[in-house]
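1. Sequence plus predicted model, see below.
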Number of protein chains: 2
Amino acid sequence: MSGVGIKDIAARANVSIATVSYVLNGTRNVKLNTRERVLRVIQEMNYKPNNAAQSLKRKRTNTIGVIAEDVTVFNVPEIIDGIHDCAERMDMHILLTNLRLDKRVGRNLHQTEAYRQDVDNAVDELLSKQVEGIIYIGVHPRDLTGLCDTLGKPIVYTYSYTQNDVSIQYNDEQASYEAMSYLVQHGHSRIAIISGTMNSTPSRLRFNGYYKAVTDFELPFDPQYIKMGNWEAESGYRLTQELLALRQRPTAILAMNDVMAVGVLRAATDLGVRMPEELSVMGFDNREFSDYLMPRITTMSLPLHEMGFQAMEALSRLMQGETTEVSQMPLCRLIERDSVMRLIE
Amino acid sequence: MSGVGIKDIAARANVSIATVSYVLNGTRNVKLNTRERVLRVIQEMNYKPNNAAQSLKRKRTNTIGVIAEDVTVFNVPEIIDGIHDCAERMDMHILLTNLRLDKRVGRNLHQTEAYRQDVDNAVDELLSKQVEGIIYIGVHPRDLTGLCDTLGKPIVYTYSYTQNDVSIQYNDEQASYEAMSYLVQHGHSRIAIISGTMNSTPSRLRFNGYYKAVTDFELPFDPQYIKMGNWEAESGYRLTQELLALRQRPTAILAMNDVMAVGVLRAATDLGVRMPEELSVMGFDNREFSDYLMPRITTMSLPLHEMGFQAMEALSRLMQGETTEVSQMPLCRLIERDSVMRLIE
DNA sequence: CTGTTAGCGCCTTCAA
DNA sequence: TTGAAGGCGCTAACAG
């Protein structure tokens, strides 16, 4: 492989291969003199231990597998970064598999069968590479129960839900409740909501938070303020038109993602409704563009880094045989910008 | 490790371990009967070959290392995706190292010493894991000559430049020339440029393209139309104010990235200059937000996926001992949107 | 303080 | 068509 092995340096340093191994791993005391000689030869010969051999012997690879459904989907890199952040502290390596689902099956994620084979292959290869655990990153939160059969190897899902396995998700309900609280604190009470597709878990949870806030704060509940979007800007646009056509307009709209908030902005612009003076809006996701729009969109930022970090922590616990993973669900953070008008002192 | 090994299934199938190996690899003819029996036992016992042992024997790992300076920087995931796209076709795996430079050393990328140690470690670990080659992805194009010492193992850099090693970059000069051509075709001749920091390679190359176009199309050359920005929106804003204060205003501005184009938009808005009617703008990068602004920004899209793909191809050639890598530099693609006004028929 | 040696799980030459 | 056996590079007893 890389040519020079432990025995080469043993020969050159006039010691046994065992001694070399010992100085390499610090597994035993070695006379200073000898150690230095060995170390010097190691330097000279540019020796690097062969990890394959080490793994075979030690039965440890210090490697976990990460299966990302698609690394190009906006939330994923930050999650991977969180995993790295944590992994690097425990001296763990990452074998990354990119399923490229977005290119392969597009948005057809409902028919699990379309990509189950890909997932199986990915898991097999990872297992074959002797990873000590696996983290699975979805492209958007949905139930993935039973997707991966890891033959007992620890697995943690994140950015997705699961019935039997550990999964790390942020608190969606709390997030939309917090958004609503913010709006209320700014004097809004007629608050409309534009949801994502209603068969999605985040939509349901965020709606729960909305509804809970409406109840808790005793806001006027008007079914006409509840609009079903589909995550796309166009739906935000169309539904905002409807909302602004109401005789009793809302003063604020909570859009379940930033993309639909763009639609809100465009509709308002086209109708000559000034924002935020005449209409406030909040988004979700803290997408990069939300800071570049005019007005800059106030939004809920997802704790992606922390999710990755916690996923790695949880996996590590699992790998050590512990099961007591009761860590707090990561929380979204409100990013205050310019799209919400303060209506009261 | 995963428990069941080749000898377990040999015992259970009443054959020698050699036979199992043969059916596994198809290295030799095995009587149909025997083969099927072995295959069945493999299924039953959920046997997966131990890749560490295979690698040790075969002296091949089918794995390459990818060192990303920071996976969260906007261009990087798409490059990684391109690498995967290619790697998967040649049945190669990716060991990903994320230097997390953005968090660690921020924008201080000039002092190589600040992170050279991190790079060395990353390379050592990868070499130790017996990767067959390395791809290095920078966070922004700059000269990285001599950064990695891979002890002769093939390495390809991308999204960065290099003197002695292979590096895959897109054609920056061609891109800005193409942008200029587009502007000229739309009837613009008084075209200003807002550059990035002038010590950066992309700035210089893009300026070359600008200058070449000014010459080729015999555009009026006015030094006042050349503004030095720093990649940030604020600089776009400030410089646009200067440009709009000129008695002879430009009709179009070429901003060297989309972020500064945002600054252009804001300045125009604040000064009551309508876009694109009274001022056109083009950006660079095709950042996600460029499609969400009003007007939607016409911009140059970087061939990131292709760069990753070509980097993997080039690496593969290197790994096979070939050196004839003369592939065409990937080209940027113009994304036509609404920020450029057509001044002529 | 140092050396000898038996494997880790697999592939592959040699022999049958 | 099948087995037996020697290592790949390294670790960790065991033995001095």
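-> Cool, the structure landed. Numbers count the residues shown, from 1 in each chain, chains lettered A, B, ... in the order given.

2. Show me the helices in the stretch 1-150 of chain A, by range?
-> Under the criterion DSSP state H, counting those that start in this stretch, the stretch 1-150 of chain A carries helices at the ranges A:6-13, A:17-25, A:32-45, A:51-58, A:76-89, A:101-104, A:113-128.

3. Could you look over those and pick the most buried one?
-> Scoring the helices of the stretch 1-150 of chain A by mean neighbour count under mean count of other C-beta atoms under 10 Å in any protein chain shown gives helix A:76-89 as the most buried, with a mean of 23. C-beta here means a position set from N, CA and C on the backbone, and glycine is covered the same way.

4. Could I have the CA atoms of the lowest-mean-pLDDT helix or strand in chain A written out in CSV?
-> Across the helices and strands of chain A, the lowest-confidence element by mean pLDDT, DSSP states H and E is helix A:101-104, at a mean of 88. This file holds the C-alpha atoms of helix A:101-104, laid out as CSV (Å, rounded to 0.1, in the frame of the first residue of the first chain):
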residue,chain,number,x,y,z
LEU,A,101,-32.4,11.3,-3.5
ASP,A,102,-33.3,14.7,-4.8
LYS,A,103,-31.9,13.8,-8.2
ARG,A,104,-33.0,10.3,-8.2
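
5. which bits of the stretch 51-200 of chain A sit near DNA strand D?
-> A:53-54, A:56-58 (C-beta under 7 Å from any atom of the strand).

6. Could you tell me which residues make contact with A:Glu242?
-> With contacts defined as C-beta atoms under 8 Å, 6 or more residues apart in numbering or on different chains, the neighbours of A:Glu242 are A:Lys227.

7. what about it, which helix or strand?
-> A:Glu242 is part of helix A:233-245, with elements assigned from DSSP states H and E.

8. is the helix or strand just after that helix anywhere near chain B?
-> Next in sequence after helix A:233-245, counting helices and strands by DSSP H and E, comes strand A:252-255. No. Using C-beta under 8 Å from any C-beta of the partner chain, no contact is recorded between strand A:252-255 and chain B, whose separation bottoms out at 13.0 Å.

9. For strand A:252-255, name the packing helices and strands.
-> Helices and strands touching strand A:252-255, by 3 or more C-beta pairs under 8 Å, 6 or more residues apart in numbering or on different chains; DSSP states H and E, are helix A:172-185, strand A:191-195, helix A:233-245, helix A:258-270, strand A:280-284.

10. how about 10 Å then?
-> Using 3 or more C-beta pairs under 10 Å, 6 or more residues apart in numbering or on different chains; DSSP states H and E as the contact criterion, the secondary-structure elements in contact with strand A:252-255 are helix A:172-185, strand A:191-195, helix A:201-216, helix A:233-245, helix A:258-270, strand A:280-284.

11. tell me the SS of the closest residue to A:Arg296 other than its chain neighbours?
-> Sequence neighbours aside, A:Arg337 is the residue nearest to A:Arg296 in space, at 3.9 Å (criterion: C-beta to C-beta, 6 or more residues apart in numbering or on different chains). Using DSSP: H, G, I helix; E, B strand; the rest coil, the three-state assignment for A:Arg337 comes out as coil.

12. And A:Arg337, its phi and psi?
-> The phi and psi torsions at A:Arg337 (degrees, to the nearest 10) take the values phi -130, psi -130.

13. rewinding a little: tell me the gap between the helix holding A:Glu242 and the middle of its chain.
-> 30 Å (C-alpha atoms, centre = their mean, to the nearest Å).

14. could I get the residues of the stretch 51-200 of chain A next to DNA strand D as a markdown table with pLDDT and distance to DNA strand C?
-> Conversion of those to a markdown table gives the following (pLDDT from 0 to 100; distance: C-beta to the nearest atom of the strand, whole Å):
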| residue | pLDDT | distance to DNA strand C |
| --- | --- | --- |
| A:Ala53 | 95 | 7 |
| A:Gln54 | 95 | 9 |
| A:Leu56 | 94 | 4 |
| A:Lys57 | 94 | 4 |
| A:Arg58 | 93 | 8 |
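
15. show me which of these neighbour chain B.
-> Counting by C-beta under 10 Å from any C-beta of the partner chain, the subset of these that neighbours chain B consists of A:53-54, A:56-58.

16. Would you format the helices and strands packed on strand A:252-255 as CSV with distance to B:Asp222 and mean pLDDT included?
-> Shown next, in CSV, are these (distance: least, C-beta to C-beta, whole Å; pLDDT from 0 to 100):
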stretch, distance to B:Asp222, mean pLDDT
helix A:172-185, 49, 98
strand A:191-195, 48, 98
helix A:201-216, 52, 96
helix A:233-245, 39, 97
helix A:258-270, 34, 97
strand A:280-284, 42, 98
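
17. Compare the ones you listed and give me the one nearest A:Thr97.
-> helix A:201-216 (24.2 Å; C-beta to C-beta).

18. Beyond the closest one, next helix or strand please.
-> Toward the C-terminal end, the helix or strand that comes next after helix A:201-216 (DSSP H and E) is strand A:226-228.

19. So what touches that next one?
-> If you take C-beta atoms under 10 Å, 6 or more residues apart in numbering or on different chains as the criterion, strand A:226-228 is touched by A:192-198, A:203, A:207, A:210-211, A:214, A:235-236, A:238-240, A:242-243, A:253, A:255, A:260.

20. Excluding residues flanking it in the chain, which one is nearest the residue in chain A positioned nearest to chain B?
-> When distances are taken as C-beta to the nearest C-beta, chain A reaches nearest to chain B at A:Phe289, 3.0 Å away. The spatial neighbour of A:Phe289 that comes closest, neighbours along the chain excluded (C-beta to C-beta, 6+ apart), is B:Phe289 at 3.0 Å.

21. neighbours of the one you found, just the number please.
-> Per other C-beta atoms under 10 Å in any protein chain shown, the neighbour tally for B:Phe289 reads 24.

22. can I assume it sits in a helix?
-> Yes. Assessed by three-state DSSP, B:Phe289 belongs to a helix.

23. In contact with it, which residues?
-> B:Phe289 makes contact with A:258, A:262, A:287-293, B:258-259, B:261-262, B:283, B:296-297, according to C-beta under 10 Å, 6+ apart.

24. give me that answer again for 6 Å
-> For B:Phe289, the contacting residues are A:288-289, A:292, by C-beta atoms under 6 Å, 6 or more residues apart in numbering or on different chains.

25. Kindly report the same for A:Pro250.
-> Here A:Pro250 is in contact with A:190-192, A:225, A:243 (C-beta under 6 Å, 6+ apart).

26. Next: A:Phe221.
-> A:Phe221 makes contact with A:Val214 under the criterion C-beta under 6 Å, 6+ apart.

27. returning to what we had before: now do the helix holding A:Glu242 against strand A:280-284, angle only.
-> Using axes from the mean of the first three to the mean of the last three C-alpha atoms, to 10 degrees, one finds that helix A:233-245 and strand A:280-284 are set 150 degrees apart in direction.

28. How far away from the center of its chain is stretch A:313-327?
-> For stretch A:313-327, the separation from the chain centroid amounts to 18 Å (computed by C-alpha atoms, centre = their mean).

29. What of stretch A:237-252?
-> Stretch A:237-252 sits 33 Å away from the centroid of its parent chain (C-alpha atoms, centre = their mean).

30. For it, list the C-alpha coordinates in CSV.
-> Only the C-alpha atoms of stretch A:237-252 are listed here, as CSV (Å, rounded to 0.1, in the frame of the first residue of the first chain):
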residue,chain,number,x,y,z
TYR,A,237,-48.6,34.5,-3.3
ARG,A,238,-52.0,33.1,-4.1
LEU,A,239,-53.1,32.7,-0.5
THR,A,240,-52.0,36.1,0.5
GLN,A,241,-54.1,37.5,-2.2
GLU,A,242,-57.1,35.7,-0.7
LEU,A,243,-56.2,36.9,2.8
LEU,A,244,-55.9,40.5,1.6
ALA,A,245,-59.3,40.2,-0.1
LEU,A,246,-61.0,39.6,3.3
ARG,A,247,-63.1,42.4,4.6
GLN,A,248,-61.3,41.9,7.9
ARG,A,249,-57.7,41.6,6.9
PRO,A,250,-55.1,39.9,9.1
THR,A,251,-52.4,42.3,10.4
ALA,A,252,-49.8,39.5,10.3
